[in-house]
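J.: Need coordinates for the below:
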Amino acid sequence: MPKNTIPSLPIEAMNRGLDWMILVGKRPGYPFDKVTNRSGDTPDKFYYDINLPGNNFTALSVAIPGGIDVLSSITDDQISDGCATLRPVLVRFSNCMVKIYAVKTANGSVEQKMSATADGVELVKPSK
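T.: Predicted coordinates for the structure are as follows:
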């Protein structure tokens, strides 16, 4: 393992043991070559933007390969309305791993970033 590399962690480790998250958005992801040039018009992944309630509502995007929205029955309006009325859409990911890494900024400082990938996602019914 290279120096200063943190191994990937299960998302529950970043969310104080909670296996559910708050869905705040979703969007298709497209293939890129060399990180900056979009190389296709067909999505190759789908991103689910979440907040981690067990980590001070830290924002994170989770990528699921395949380019298909498995939560297509949930609309952007439903996500927004859920957040606005404090009845958020809750989700759980299968085999979700979070990678923590450092990025040097234009001014030379270093920022901590996170990325996550999962095999699937499902809706969670809130407990009463």
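J.: neighbours of Asn15, just the number please.
T.: Applying other Cβ atoms under 10 Å, we find 21 other residues in the vicinity of Asn15. C-betas here are computed from N, CA, C, even on glycine.
J.: can you give me the strands in the protein?
T.: 9-10, 21-29, 32-33, 37-38, 45-52, 58-65, 89-94, 97-104, 110-117, 120-124 (DSSP state E).
J.: Looking at those strands, which is nearest to Ile74?
T.: strand 89-94 (5.9 Å; Cβ to Cβ).
J.: Now do that closest one against strand 21-29, angle only.
T.: 70 degrees (axes from the mean of the first three to the mean of the last three Cα atoms, to 10 degrees).
J.: partner strands of strand 89-94, parallel or antiparallel?
T.: With DSSP bridges as the criterion, the sheet partners recorded for strand 89-94 are strand 21-29 (antiparallel), strand 120-124 (antiparallel).
J.: just these: most buried one?
T.: strand 21-29 (a mean of 19; mean count of other Cβ atoms under 10 Å).
J.: Check which helices and strands the longest helix seen in the chain sits against.
T.: Across the chain, the helix with the greatest residue count (assigned by DSSP state H) is helix 76-84. Taking 3 or more Cβ pairs under 8 Å, 6 or more residues apart in numbering; DSSP states H and E as contact, the helices and strands that helix 76-84 lies on are strand 21-29, strand 89-94.
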